[in-house]
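Enquirer: Show me the folded form of this:
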Amino acid sequence: MDSSPARPFGVLAPRPRRTCVDGGGLCLAAPAKLNLDLWVGPRRDDGYHGLDSIVAKVTLYDDVVLRPRRDGRIVFRCQGADCGRDEENLALRAARVLAREARAGGGAEILLSKSIPPGRGLGGGSSDAAAVLEGLNELWGLSLPPDALAELAARLGSDVPLFLGPPAARMTGRGETLQPVAVPPFVAVLHLPEIVCSSGEVYRRFDLLRSAVREVPRRDWLSAGTPPSRWSAELRNDLADAAADLSDELRRTRARLAERLGAEVSMTGSGSGLFVLCDDEEEAAKRMRRLPDGLIGRTVVVCPNSW
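Expert: The predicted structure follows:
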């Protein structure tokens with residue numbers, strides 16, 4: 001596995017998408033994502049909400065190691081941040097879906113090492129599934145085109161196609177429609193509370209709290225020359241109030257971070273990941289030094305992923 005050193009001030013460094021490992025296998029890096037903003041529409045007839053979000057992959061990664069097996073079996077192991085039950089893991093489900101749909105006879109050993117905690121709105125499980133689809137497509141010599149992989153990804157979950165796509169995208173529909181966007185460089189101080197948010201519960205609370213649908217944001221902050229530290233005043237996540245309504249601890253943590261960091265704090269996805277955007281590593285380092293031990297221990301500094 002890649003063990004690239006951290007950047008100065010603890011900024012997690014970008015990593016290559018794949019590296020070769022012994023036994024004819026591959027190690028794929030599976031990045032987290034940040035919803036820089038998130039607009040949520042009314043519930044649709046299919047039960048999903050319409051979304052419109054600018055999403056960027058960032059330099060916090062899970063590792064997915066894939067090795068071929070000759071017996072046709074798919075053997076799955078997971079270690080690290082709260083893997084949950086194997087049968088519910090999206091990475092294992094992705095391997096089984098690909099084997100079934102592509103009628104692949106080859107087996108695989110999958111070792112998932114998790115650094116992205118679940119229930120923080122970072123898309124770790126979806127990213128793992130995308131890495132498995134891409135890696136096994138190569139390992140099994142299937143040569144499925146990108147649109148075929150994206151179709152399988154959309155069946156697994158709304159966020160999975162995102163991780164087969166560009167470094168940053170405008171995500172619409174229920175999350176499966178992607179349009180590449182150019183997001184200016186940024187550095188983010190990312191706090192990972194010990195609070196697990198259930199997406200289903202957050203969306204249900206959102207439906208109860210909503211009084212009106214706001215307009216899709218104009219996103220003037222994407223204009224060239226606007227420094228990331230000035231984006232925060234324009235960024236909004238429509239699920240933030242619902243997540244905070246479900247968790248007083250999340251509300252208090254966000255307020256405490258804002259006070260300590262002296263900046264607007266944003267939430268990614270359905271929570272509970274919280275972040276502050278900075279213009280550069282020096283600014284991020286200054287903000288990190290303001291954090292007490294109780295907050296800094298669960299905080300990392302990330303930058304955009306390059307693929």
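
Enquirer: which residues does the closest residue to Val202 other than its chain neighbours contact?
Expert: Leaving aside its chain neighbours, Val202 sits nearest to Ser270 (4.1 Å; criterion: C-beta to C-beta, 6 or more residues apart in numbering). All C-beta atoms are positioned from the backbone trio N, CA, C, and that covers glycine. By C-beta atoms under 8 Å, 6 or more residues apart in numbering, the residues touching Ser270 are Gly121, Cys197, Ser198, Ser199, Val202, Tyr203, Leu239, Ala243.

Enquirer: Local confidence estimate at the fourth one?
Expert: Put plainly, it is Ser199. pLDDT recorded at Ser199 is 94.

Enquirer: what's the burial count for it?
Expert: 16 (other C-beta atoms under 10 Å).

Enquirer: Give me the nearest residue to it, chain neighbours excluded.
Expert: Ser199 sits nearest to Ser270 (C-beta to C-beta, 6+ apart), 4.4 Å away.

Enquirer: what does the last one give?
Expert: Nearest residue to Ala243 in three dimensions, chain neighbours excluded: Gly271, at 3.7 Å (C-beta to C-beta, 6+ apart).

Enquirer: In contact with that neighbour, which residues are there?
Expert: The contact partners of Gly271, by C-beta under 8 Å, 6+ apart, come to Arg120, Gly121, Ile195, Cys197, Val202, Leu239, Ala240, Ala243, Ser247, Leu250.

Enquirer: hmm, back to that, so which of the contacts of Ser270 comes closest to Val189?
Expert: Set against Val189, the nearest of these by C-beta to C-beta is Gly121 (15.6 Å).

Enquirer: what's Gly175 sitting at in phi/psi?
Expert: Main-chain torsions, Gly175, degrees, to the nearest 10: phi 120, psi -10.

Enquirer: Columns secondary structure on top of the contacts of Gly271, output as CSV?
Expert: Formatted as CSV, the contacts of Gly271 follow (DSSP: H, G, I helix; E, B strand; the rest coil):
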residue, secondary structure
Arg120, coil
Gly121, coil
Ile195, coil
Cys197, coil
Val202, helix
Leu239, coil
Ala240, helix
Ala243, helix
Ser247, coil
Leu250, helix
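
Enquirer: Now a PyMOL select for only the buried ones of the residues you listed.
Expert: To isolate the buried members of these in PyMOL, using 16 or more other C-beta atoms under 10 Å:
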select buried, resi 120+121+195+197+202+239+240+243+247+250
